[in-house]
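Colleague: Next input, structure requested:
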Amino acid sequence: MTVRPADAGSGIVFRRLDVDGVQSDVRAHWSNVIVSPLNTRIENSDGVSVSTIEHIMAALAGCGVHNALIEISGPEVPILDGSSARFVRGLLAAGLERGAEPLDLIEVLKPVSVHQGDASAELRPASGLRISFTIDFADAAIGHQFHNLDLANGTFVRELCDSRTFCRKADVDAMHANGLALGGNYDNAVVVDGDRILSPGGLRHANEAVRHKMLDALGDLTTAGAPILGHYVGVRSGHALTNRLLQALFASQDNWRLRRCDTATAARLPGAGIAAADLVAVA
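Modeller: This next block holds a predicted model:
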């Protein structure tokens, strides 16, 4: 997989190099998302799809990259270690260049929420991007966790990007049965079984699970098509519910507006002012 620069306004586009005779480009946009509880998959009108885009999408957003062409020779983004850290390292190593073109932002004007059972996702007005997340799992190795972060000024790189996906041992078996994460093992996810952490080395953070859910939420919110000014509040939510939240947000022009990014706001966006030094403490 190769991430290449793209023109301003093009957004994030995946290009399948292994398909012929059909449209091979798939835009990473909420309207192209195929709902799945396990990952985020996008598909174009010719049925060409790319799965598990959330970790690279989070890395791009966290590094302040809003336009990119991602060339990929297969139907799924590599899982790597189950986090966004290696993607972030690669982007910073390649170097980031600030574009001269003005940037538009999606400003949330009033609270919008969706619910499914005891799970919910909400976007509230805010001056920057903030994510609050609550999870509650019966497995003692995860349990109840809450975390809240302002994503300004490299917070994603320092606080979230190394947090790995987590699942029960039974979840791993289910993903394999559905043809997902076929290269998955205990080295690229935090695998739990009851009160046991099965992955070598244990946890990178005591609350790594909820941090990863926040990473996923950022990746999924990035399919909005532009940076969001809003406070995302997730309670037991996942990929499908976040996509439903974006559908609800854009269902009415009363919920949002496009706002030209000014200098003060730009300084508070995810990725503003980040440097390789921000990754020093990251696994």
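
Colleague: What is the neighbour count of Val210?
Modeller: 24 (other CB atoms under 10 Å). Quick note: C-beta positions are derived from backbone N, CA and C, even for glycine.

Colleague: so it is in which element?
Modeller: helix 208-221 (DSSP states H and E).

Colleague: Quick one: distance of that helix to the chain centre.
Modeller: 6 Å (CA atoms, centre = their mean, to the nearest Å).

Colleague: Just after that helix, pick out the following helix or strand.
Modeller: strand 228-235.

Colleague: and that next one, what other elements does it pack with?
Modeller: The helices and strands touching strand 228-235, judged by 3 or more CB pairs under 8 Å, 6 or more residues apart in numbering; DSSP states H and E, are strand 104-108, strand 119-124, strand 129-136, helix 208-221, helix 239-250.

Colleague: Against which helices or strands is the third one packed?
Modeller: It stands for strand 129-136. Against strand 129-136 (3+ CB pairs under 8 Å, 6+ apart) you get strand 144-150, helix 208-221, strand 228-235.

Colleague: average pLDDT for that strand?
Modeller: Averaging pLDDT along strand 129-136 gives 98.

Colleague: for that strand, which positions count as buried?
Modeller: Leu129, Arg130, Ile131, Ser132, Phe133, Thr134, Ile135 (16 or more other CB atoms under 10 Å).

Colleague: what's the angle between it and strand 228-235?
Modeller: Per axes from the mean of the first three to the mean of the last three CA atoms, to 10 degrees, the angle that strand 129-136 makes with strand 228-235 is 10 degrees.

Colleague: Of the buried residues of strand 129-136, just say which sits nearest to Ile142.
Modeller: Ile135 (7.0 Å; CB to CB).
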